[in-house]
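Chemist: Give me a model of this one.
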Amino acid sequence: MSNLSTLTPSDRINRRQAAEYLGVSINTLTCWASERKGPAFYKPGKQCMYKIADLDQFLESRRISFEQVPL
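Modeler: Numbers count the residues shown, from 1 in each chain. Below you'll find the predicted structure:
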């Protein structure tokens, strides 16, 4: 697993970009973070940074699939 220092700038995005990527508001992402139920993030200073791979994993964990039911 990589840490923030080994990530390139293209591997990480800020909270605004992450909210846009996930299709939610910045406030929703902030609430999720405070409730510890959103995607993992780093906070190296005042700004939260998200790994794109973590956002993809978060989306995948909320995937709903419907199995085809025979008629």
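Chemist: Show the average pLDDT along whatever helix or strand A33 lives in.
Modeler: Secondary-structure element containing A33, defined by DSSP states H and E: helix 26-34. If you average the pLDDT over helix 26-34, you get 96.
Chemist: Please report the distance of N27 from Q47.
Modeler: For N27, the distance to Q47 (Cβ to Cβ, to the nearest Å) stands at 16 Å. (Each C-beta comes from the backbone N, C-alpha and C, glycine too.)
Chemist: just L29 next, same as before
Modeler: For L29, the distance to Q47 - Cβ to Cβ - is 13 Å.
Chemist: list residues touching both of those two?
Modeler: When Cβ atoms under 8 Å, 6 or more residues apart in numbering defines a contact, the residues bordering L29 and Q47 alike are R15.
Chemist: neighbour count winner among those two?
Modeler: Using other Cβ atoms under 10 Å as the criterion, L29 and Q47 rank with L29 on top: 22 against 11.
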